[in-house]
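Enquirer: pasting the structure only:
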Ligand SMILES: [Zn+2]
């Protein structure tokens, strides 16, 4: 399918996008980190109960992500956004690893926040800071003096950039879900919303979810996306069937 002039795309990506970059998902294997379930370290309650544990969890994830490199799937999405512009290609991700940005994306809506930021635990409007290494336990908000917490959207918290995401879905012609379960929130809702608006919906996932998709490409993201993007841009590629 070649994209028609002016068509707008929304791409929602999840853990499957970064798998080939070696980012562990904590959903694989036993899903545990040091005997803790993800739900025990990724909540505001966990932060209140044991901030050292939560900080250590995100420090470890940040240090793992530090040396990770974008894979061909990130690169294909970034190429698409550069070719068509950020008004036509909205990149939404549930990933917190920053690999789309590292690959050179113009703009990414990171719904679940970022490993590369910390913010005031009391007020989200206070300054957000970038962080590249481990988080100092004593770091405080420069405005109110409250402790800084990872800039991650925890279970039970409102995703970031919801207005922008909603707006993009309302005007998209193609919705692509990559490496995220199309049956659970938010991908399931996004696909339904895009389809209700008349958009074509496509899923890239080695284990298709059975969600509301018109087309399913049952391959890993790093295999499927370079070809899909070449096809959309009307390029011939020796790598693609
Ligand atoms: Zn503050």
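Expert: Cool, got the structure. Source: prediction; values computed, not measured. Numbers count the residues shown, from 1 in each chain.
Enquirer: List the residues that contact residue 169.
Expert: 10, 175, 190, 193-194, 197 (Cβ atoms under 8 Å, 6 or more residues apart in numbering). (Glycine included, C-beta is placed from N, CA and C.)
Enquirer: quick check, it in a helix?
Expert: Yes - the assignment for residue 169 by DSSP: H, G, I helix; E, B strand; the rest coil puts it in a helix.
Enquirer: quick revisit: let me know the closest of the contacts of residue 169 to residue 53.
Expert: residue 190 (32.5 Å; Cβ to Cβ).
Enquirer: Check the secondary structure at the closest one for me.
Expert: State at residue 190, reduced to three classes by three-state DSSP: helix.
Enquirer: In which helix or strand does the closest residue to it other than its chain neighbours reside?
Expert: Leaving aside its sequence neighbours, residue 190 sits nearest to residue 12 (Cβ to Cβ, 6 or more residues apart in numbering; 5.5 Å). Using DSSP states H and E, residue 12 sits in strand 9-13.
Enquirer: Quick one: list the elements packing against whichever helix or strand comes after that strand.
Expert: Following strand 9-13 in sequence order, the next helix or strand is helix 15-18 (DSSP H and E). With contacts defined as 3 or more Cβ pairs under 8 Å, 6 or more residues apart in numbering; DSSP states H and E, helix 15-18 has these neighbours: helix 72-84, helix 99-102.
Enquirer: Between the ones you listed, which one is closest to the ion.
Expert: Taking Cβ to the ion, helix 99-102 is the member of the helices and strands packed on helix 15-18 nearest to the ion, at 25.0 Å.
Enquirer: For the residue nearest to residue 190, give the beta-bridge partners.
Expert: Beta-bridge partners of residue 12, counted by DSSP bridges, are residue 92, residue 177.
Enquirer: Enumerate the residues of this protein near the ion.
Expert: Of all the residues in the chain, those in contact range of the ion (Cβ under 5 Å from the ion) are 120, 122-123, 126, 141, 143-144, 146.
Enquirer: returning to what we had before: how about the strand holding residue 12: buried residues?
Expert: 9-13 (16 or more other Cβ atoms under 10 Å).
Enquirer: circling back: same list (the contacts of residue 169) but as TSV, adding pLDDT and distance to residue 208.
Expert: Listed next are the contacts of residue 169 as TSV, based on pLDDT from 0 to 100; distance: Cβ to Cβ, whole Å:
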residue	pLDDT	distance to residue 208
10	97	19
175	96	15
190	92	16
193	92	20
194	93	17
197	91	22
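Enquirer: Now do the contacts for the residue nearest the centre of the chain.
Expert: Nearest residue to the geometric centre of the chain (Cα atoms, centre = their mean): residue 93, 2.2 Å. Shown in contact with residue 93 (Cβ under 8 Å, 6+ apart): 12-14, 17, 100, 108-112.
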